[in-house]
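Visitor: Curious how this folds, go ahead:
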Amino acid sequence: MTQAPSTACIALGANIGEPLRQIEAGFNALAALPGTRLTARSSLYRSAPVGYTDQPDFINAVALIDTTLEPHALLEALLEIERVNGRVREFPNAPRTLDLDIVLYGDMVIHDPGLTIPHARMLERAFVMLPLAEIAPDMQVPGQGRVSELAARVDADSIAQLQRMPA
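Guide: Residues are numbered from 1 along each chain as shown. Coordinates of the predicted model:
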């Protein structure tokens with residue numbers, strides 16, 4: 001019996017190599033995952049780095065997917081996409097060719113080693129919340145509230161929308 005798809009939100013980011021091309025490759029790789037359909041993609045945003053600041057600005061976006069992959073299997077698939085796209089984990093918040101994070105997975109709340117859903121810092125990050133509010137303003141963050149209301153609370157000074165995606 002096939003599992004019914006769940007809606008997941010994936011944050012994409014890149015700041016070295018060819019970030020625009022790598023974000024596009026990330027969207028394409030998400031759409032190609034088994035049992036997965038890309039249902040929405042945000043505009044692209046430029047944001048200042050967080051944590052380690054001596055690096056180029058990031059290009060960020062958010063994707064919504066419907067997937068039959070369980071959360072841990074989805075995480076493994078995202079890590080493989082990052083690896084194929086040249087991601088090297090030198091130190092926390094290091095520059096990266098492609099970063100893919102599960103931000104939400106249905107209404108699940110998971111606190112396992114290596115996987116926290118909702119993403120632990122999503123509510124602090126304009127580069128997650130603004131793109132997510134663009135494509136899913138009514139989505140609920142478990143235990144927190146509606147995305148559009150939560151996005152209105154983040155500091156958006158270090159982020160700029162680059163382009164709107166076609167509807």
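
Visitor: Verify the assumption that Gln161 is located in a helix.
Guide: No. Under DSSP: H, G, I helix; E, B strand; the rest coil, Gln161 falls outside any helix and is assigned strand.

Visitor: What is the neighbour count of it?
Guide: When neighbours are counted by other CB atoms under 10 Å, Gln161 registers 14. For the C-beta atoms, the positions are set from N, CA and C on the backbone; glycine is no exception.

Visitor: Next: Ala4.
Guide: 7.

Visitor: Might one say that it is in contact with Thr67?
Guide: No. When contacts are counted by CB atoms under 8 Å, Ala4 is not listed as touching Thr67 (10.5 Å).

Visitor: quick one: Val103 is in a helix?
Guide: No. Under three-state DSSP, Val103 sits outside any helix and is assigned strand.

Visitor: Show me what the lowest-mean-pLDDT helix or strand in the chain is packed up against.
Guide: The helix or strand of the chain with the poorest confidence is strand 159-163; it has a mean of 84 (mean pLDDT, DSSP states H and E). Packing partners of strand 159-163 (3 or more CB pairs under 8 Å, 6 or more residues apart in numbering; DSSP states H and E): strand 44-47, helix 126-135.

Visitor: go again using 6 Å as the cut-off
Guide: Contacting strand 159-163 under the criterion 3 or more CB pairs under 6 Å, 6 or more residues apart in numbering; DSSP states H and E are the following elements: strand 44-47.

Visitor: starting at the chain centroid, how far to the strand it packs on?
Guide: Relative to the chain's own centre, strand 44-47 is displaced by 12 Å; criterion: CA atoms, centre = their mean, to the nearest Å.

Visitor: Partner strands of it, with direction?
Guide: Using DSSP bridges, the strands paired with strand 44-47 are strand 58-67 (antiparallel), strand 159-163 (antiparallel).

Visitor: what's the shortest one in contact with?
Guide: Here strand 159-163 makes contact (CB atoms under 6 Å, 6 or more residues apart in numbering) with 43-47, 126-127.

Visitor: how about that strand: buried residues?
Guide: For strand 159-163, burial by neighbour count (16 or more other CB atoms under 10 Å) applies to Ile159.

Visitor: ditto for the longest one
Guide: By neighbour count with 16+ other CB under 10 Å, strand 58-67 contains the buried residues 58-65, 67.
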